[in-house]
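[1] I would like to see how this sequence folds:
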Amino acid sequence: MIALTEAAPADHPAVIAMTNRAYRAPAGQAAWKVETLVGGQRIDASLLADDLARPGARLLIWREGGEHLGHVRLDAADGAWRLAMLTIDPDRQDGGLGRTLLAAAEAFARAHGARTMRLSVVHQRPELIAWYARRGYAVTGETEPWPDGDDRFGVPTQPGLYFNVLEKAL
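    Residues are numbered from 1 along each chain as shown. Take a look at the predicted model:
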């Protein structure tokens, strides 16, 4: 199992840059991996600070040989944790690293008392929902609205975006 370490504030600029590149920069990536339904950034410093100010929020980085391979944000709650911003360096994708990081995040949460993991995926991304389904996540039937008017999340390129909530028992 890989080791995840808590991100320090000095890591935040690299996390923001890698996340924006992985989520929104199509150059060199398979189309299903990039949120082409949304333009602009995925995250900025103020949004990351807001996210990390939540009770139980953790930003975990996967490093090997000093290289930042990926990261994930986990929000601890009473047994039902939330996974967000699962990110692998785009130059290192397609080698199973996403599966490895997801499994490590689940193991970390389980070791800290999580019984379930929840996450949100843009409804209009069936390939990504299917990727999580292959890893044991099920669509709950719950939805969450797109954060209209907050460009820190990016700007939708089509109307009607919303999130499906997925869940997995750990």
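[2] what's near enough to touch P55?
    P55 makes contact with A76 under the criterion Cβ atoms under 8 Å, 6 or more residues apart in numbering. Every residue, glycine included, has its C-beta placed from N, CA and C.
[3] Mind checking what secondary structure it has?
    coil (DSSP: H, G, I helix; E, B strand; the rest coil).
[4] In terms of pLDDT, where does K33 sit?
    Listed pLDDT for K33 reads 51.
[5] I'd like the distance between A57 and Y132.
    Using Cβ to Cβ, to the nearest Å, A57 is found at 21 Å from Y132.
[6] Give me the more crowded residue out of those two.
    It is Y132, of A57 and Y132, that has more neighbours when counted by other Cβ atoms under 10 Å, with 20 against 16.
[7] Pretty sure that one sits in a helix.
    Yes: counting by three-state DSSP, Y132 is located in a helix.
[8] so it sits right up against L166, yeah?
    Yes: counting by Cβ atoms under 8 Å, Y132 touches L166, with 5.4 Å between them.
[9] count of neighbours near V165?
    17.
[10] ugh, typo on my part, it should be V38
    20.
[11] check contacts around the nearest residue in space to it that is not next to it in sequence.
    Spatial nearest neighbour of V38, excluding adjacent residues (Cβ to Cβ, 6 or more residues apart in numbering): G154 at 3.9 Å. Taking Cβ under 8 Å, 6+ apart, we find G154 in contact with R24, E35, V38, G39, G40, Q41, R42.
[12] separation between G154 and G98?
    20 Å.
[13] any idea where the strands of this structure begin and end?
    4-6, 38-39, 57-64, 67-75, 80-88, 116-122, 138-145, 155-156, 162-169 (DSSP state E).
[14] The fourth one: which residues count as buried?
    For strand 67-75, the buried set under the neighbour-count rule, 16 or more other Cβ atoms under 10 Å, comprises H68, L69, G70, H71, V72, R73, L74, D75.
[15] likewise the first one?
    The neighbour-count check on strand 4-6 (16+ other Cβ under 10 Å) flags L4 as buried.
[16] same for it, what does it pack against?
    strand 57-64, helix 97-111 (3 or more Cβ pairs under 8 Å, 6 or more residues apart in numbering; DSSP states H and E).
[17] repeat for the last one
    When contacts are defined as 3+ Cβ pairs under 8 Å, 6+ apart, strand 162-169 packs onto strand 116-122, helix 126-133, strand 138-145.
[18] cutoff 10 Å now
    Counting contacts by 3 or more Cβ pairs under 10 Å, 6 or more residues apart in numbering; DSSP states H and E, strand 162-169 is packed against strand 80-88, strand 116-122, helix 126-133, strand 138-145.
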